[in-house]
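[1] what would the 3D arrangement of this be:
(chains A and B)
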Amino acid sequence: MGGVTPTHLKLSLIDWLLYLQQIALFDQKKRIYSENKLVFSPWYFLLPAIIFFLVYVIIPIFQSVWISFYEWDGLGEAQWVGLANYIELFDDEYFYTSLKNNCIWLILYLFAVPIGLFIALFLNQIVFGIRFYKSLFFFPFVISQVVVGLIFAWFYNPNFGLLAYIFLSLGLEPIAILSDEELVTYGIIFAGLWPQIAYCMILYLTGLSNVSKDLMEAARLDGAKGIKMLWHVVLPQLRPATFISVVVTVIGALRSFDMVAIMTEGGPYGSSNVLAYYMYETALSEYGFRLGYGSAIATVLFFIMLIYISYFLWRLYKNEREV
Amino acid sequence: MEFLLIAFMIGGEMYTKIKLILISLLSVILISSASFARDLVITFDDMNPGPKAAFENAIAKFQKENPDINVIANNGDREEHKAAIRNFLIADAPDVTSWYPGNRMRPFVKAGLFEDVSDVWDENNFHEDLAAIKPTMTIGGRQWGVPYSYYQWGVYYRKDIFDKLGLFEPNTWVQFKYICETLKKNGIAPITIGTRYLWTAAGVFDYINLRTNGYKVHNDLTAGKIKYTDPRIRKTFEYWAELVNAGYFIENHASMAWQDAVVPFANGEAAMYVMGNFSVDAYKNAGLTYDQIDFFKFPEITKDMPRAEEAPADAFFIPTNAKNKRDAKKWLAFVARPDVQSEWNKTIGQLPINSKAKVADDKFITEGFETLNTAVGLAQFYDRDAIPEMAAAGMEGFQEFMMKPDRLDKILKRLDKIQSKVYK
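    Below you'll find the model as predicted:
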């Protein structure tokens, strides 16, 4: 466009003036841009991510909150029901069962963090074949959650499972863990912990490789060793790894879905349900397309996560300012 | 034609013009022949060997009879089909799709996604020939699909075990309980069942309910007209509790799918199975011979209660968004024809619905045919007769009852609460 004078064109005066004005405007724009390059350029890089994040995450959140005020089967007319879905939710025992199970998940799943740390410390030594041992511990994280769920479902099976044989060899009657309303959630969490521990272990192993040798040396000279060394010297340096493993584990616990779907489908009679699976069950499974009700569950789950994650981000922010 | 092709292949600048003419000629031929053979897209949902073969045979036969129709048959996994149907009915509808009658078709009928096919019924005298299943294909006085097969439910038992213990097929509840007691005393689990996927428990509930209260109560309950705390339904659970409390059902049933529950049946640890006729295949695959297994109708509970049976049907439907409805209707008329139904059901080991069709020469099929033809009413099964949200909660309740029978009150009240919410 601007800058090149079109010599082969005969211009009327007005055209000529317009043309000049255009050049002036362009130069002005160019100046605004070049003077503020540092302000603009990050947005160019962010833009694709922002667009996708908006379309696939942010907008759907508002949409699903919006749908939760409707009664809708996904086919016919959506019918405005106001808060009826939420009122129903707070009078729904399956919802409370799921919420309770989510809390159990949240608490027990966090054991993945200290156990992961322990294994990482154990594996953080130099002996022959350590890479092989590491990869063994690493393995459950690599295989799919679905596979983990299936393996554990077989393991627990009271008729042909390994656990049943262990019980029988001890002279005990095998327990059907996955069809016992009291034990089933613990059984699933135990299976879920297996890959989660591996995940935390990896995070800690990378963290350990960054622990400063000088500090350790200095501490050793000052007479620190064992637990004391771990607590006062190593752990503070592992803080970022701890933070990430806790966040990842908490989010993993709150959105636990695949394990439940594969191992029990929420059964027996809904006693191992969690919010994420209950939402799927009411909104998208074979027996029911109550999209409004499902969205209401999703909204509740969203706010629980939001509160938890905001609290963590706030702590992170505070910590960083202190440092 | 050869000359044209040779000219086409020689090419060269001289022939450019001829080539152009040729291409346009060829395309005209192609287009006209395409419009000659009309496409008919049929979607089916059973990949098991028997049903797959039956479907393919029927397609071949239909294609032979209608050379002017170009049949495009798609066969997929049943669960995937269930998940996909909501999308493809709206976005990319085939001309014919398999689906289930009763309440399973209701949402699509209501949303205007299934075509009214009452005219196919009128023209082919289906009202009479398919009378057995007509009520369940009807909503608002119109028919919405055409069934091709159904099967009986009942009690499958180990004849060799019965013979060894001197037991006979029971006709009454008292006899049935006596058999259970005898089996249990001999260290055999009387009834095997796998309730992990819930619906098997609904089969037992349906039968005890049908025998206790009859066909009308079953329909009223699943239509939401009777409460679960109704004394009649409580009575059903009382009978059921007699079996549960006496420990007549196999242990650990909640960790087993229905196929897993065949294992104890096959190796003689259990002697009876309340199931649909599709299970016979599984018994045979588990190594049982025809002499070892037999079938009896679920025994009478309330004296002289007219006998109704469970007989779920499978059917074909035309989506409203189908492109070729004329030929789709031809297919619907075709699958209900006596000869087609005889052949199809012979292959899959089920019962034809058309009363003029021939039944396969198989003891379970002939007995099933007799069972269903002498019944006063045919239920589709709890999870097809009740609306889905109710069915899901109901079946969980049944499973819970089988494990914790003392919670009956709580369960029934919960089901009432859900019933009042989901039926409007």
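
[2] residue boundaries of the helices in the stretch 201-350 of chain B?
    Applying DSSP state H, counting those that start in this stretch to the stretch 201-350 of chain B gives helices spanning B:215-222, B:231-245, B:262-266, B:279-285, B:325-335, B:338-348.

[3] typo on my end, the stretch 51-200 of chain B
    With helices called from DSSP H, counting those that start in this stretch, the stretch 51-200 of chain B shows them at B:78-90, B:106-110, B:118-123, B:126-129, B:134-137, B:159-164, B:173-185, B:199-213.

[4] can you say which of those helices is packed in most?
    Ranked by mean neighbour count under mean count of other C-beta atoms under 10 Å in any protein chain shown, these are led by helix B:199-213, which reaches a mean of 24. From N, CA and C alone the C-beta is placed, and that goes for glycine too.

[5] save the helices of the stretch 51-200 of chain B as JSON lines, and put in mean pLDDT too.
    Converted to JSON lines, these look like this (pLDDT from 0 to 100):
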{"stretch": "helix B:78-90", "mean pLDDT": "86"}
{"stretch": "helix B:106-110", "mean pLDDT": "87"}
{"stretch": "helix B:118-123", "mean pLDDT": "93"}
{"stretch": "helix B:126-129", "mean pLDDT": "90"}
{"stretch": "helix B:134-137", "mean pLDDT": "87"}
{"stretch": "helix B:159-164", "mean pLDDT": "95"}
{"stretch": "helix B:173-185", "mean pLDDT": "96"}
{"stretch": "helix B:199-213", "mean pLDDT": "95"}
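
[6] that older thread, and the helices of the stretch 201-350 of chain B, which is most packed in?
    Neighbour counts (mean count of other C-beta under 10 Å) averaged over each of the helices of the stretch 201-350 of chain B peak at helix B:262-266, with a mean of 22.

[7] got the CA coordinates for stretch B:265-276 in PDB?
    Presented in PDB, the C-alpha positions along stretch B:265-276 are these (Å, rounded to 0.1, in the frame of the first residue of the first chain):
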ATOM      1  CA  PHE B 265     -24.100 -72.600  36.100                       C
ATOM      2  CA  ALA B 266     -21.900 -74.400  33.700                       C
ATOM      3  CA  ASN B 267     -19.700 -76.100  36.300                       C
ATOM      4  CA  GLY B 268     -22.600 -77.300  38.400                       C
ATOM      5  CA  GLU B 269     -22.300 -74.900  41.300                       C
ATOM      6  CA  ALA B 270     -25.600 -73.300  40.500                       C
ATOM      7  CA  ALA B 271     -28.700 -74.900  38.900                       C
ATOM      8  CA  MET B 272     -31.100 -72.200  37.700                       C
ATOM      9  CA  TYR B 273     -30.900 -68.900  35.900                       C
ATOM     10  CA  VAL B 274     -33.700 -66.400  35.300                       C
ATOM     11  CA  MET B 275     -32.700 -65.100  31.900                       C
ATOM     12  CA  GLY B 276     -33.600 -64.400  28.300                       C
END
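
[8] list the buried residues for that stretch?
    Judged by neighbour count using 16 or more other C-beta atoms under 10 Å in any protein chain shown, the buried positions of stretch B:265-276 are B:265-266, B:270-276.

[9] ditto for stretch B:291-304
    For stretch B:291-304, the neighbour count (16+ other C-beta under 10 Å) marks B:292-301 as buried.

[10] nearest to residue A:28, of these?
    Using C-beta to C-beta, residue B:298 comes nearest to residue A:28 of the buried residues of stretch B:291-304, at 89.0 Å.

[11] any residues of chain B in contact with chain A? List them.
    For chain B, the contact set with chain A under C-beta under 8 Å from any C-beta of the partner chain comprises B:82, B:86, B:90, B:107-108, B:110-111, B:113, B:196-198, B:252-256, B:260, B:263, B:383, B:388-389, B:391-392, B:396-397, B:399-400, B:403, B:414, B:421.

[12] quickly name whichever of the buried residues of stretch B:291-304 is closest to residue A:200.
    Checking the buried residues of stretch B:291-304 against residue A:200 with C-beta to C-beta, the nearest one is residue B:293 at 52.8 Å.

[13] please tell me I have it right and the closest one contacts residue B:280.
    Yes - Residue B:293 is in contact with residue B:280 according to C-beta atoms under 8 Å; the separation is 7.4 Å.

[14] shared neighbours of these two, anything?
    Each of residue B:156 lies in contact with both residue B:293 and residue B:280 under the rule C-beta atoms under 8 Å, 6 or more residues apart in numbering or on different chains.

[15] before we move on, back to that, from the buried residues of stretch B:265-276, which land in strands?
    Of the positions in these, B:270-276 sit in strands, assigned by DSSP state E.

[16] tabulate these in TSV, adding columns for distance to residue B:373.
    Shown next, in TSV, are those (distance: C-beta to C-beta, whole Å):
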residue	distance to residue B:373
B:270	30
B:271	28
B:272	24
B:273	23
B:274	21
B:275	20
B:276	17
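
[17] take the residues you listed and write them to TSV, including pLDDT.
    As requested, those are exported to TSV (pLDDT from 0 to 100):
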residue	pLDDT
B:270	95
B:271	95
B:272	96
B:273	96
B:274	95
B:275	94
B:276	93
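
[18] which of those lies closest to chain A?
    When those are ranked by distance to chain A (C-beta to the nearest C-beta), residue B:270 comes first, at 12.1 Å.

[19] hmm, back to that, and the helices of the stretch 201-350 of chain B as a markdown table, adding mean pLDDT and distance to residue A:257?
    Listed next are the helices of the stretch 201-350 of chain B as a markdown table, based on pLDDT from 0 to 100; distance: least, C-beta to C-beta, whole Å:
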| stretch | mean pLDDT | distance to residue A:257 |
| --- | --- | --- |
| helix B:215-222 | 92 | 31 |
| helix B:231-245 | 96 | 32 |
| helix B:262-266 | 94 | 30 |
| helix B:279-285 | 89 | 31 |
| helix B:325-335 | 93 | 39 |
| helix B:338-348 | 91 | 36 |
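
[20] adding distance to residue A:109, write the ones you listed out as a markdown table.
    Compiled in a markdown table, the helices of the stretch 201-350 of chain B are given as follows (distance: least, C-beta to C-beta, whole Å):
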| stretch | distance to residue A:109 |
| --- | --- |
| helix B:215-222 | 41 |
| helix B:231-245 | 36 |
| helix B:262-266 | 35 |
| helix B:279-285 | 39 |
| helix B:325-335 | 52 |
| helix B:338-348 | 47 |
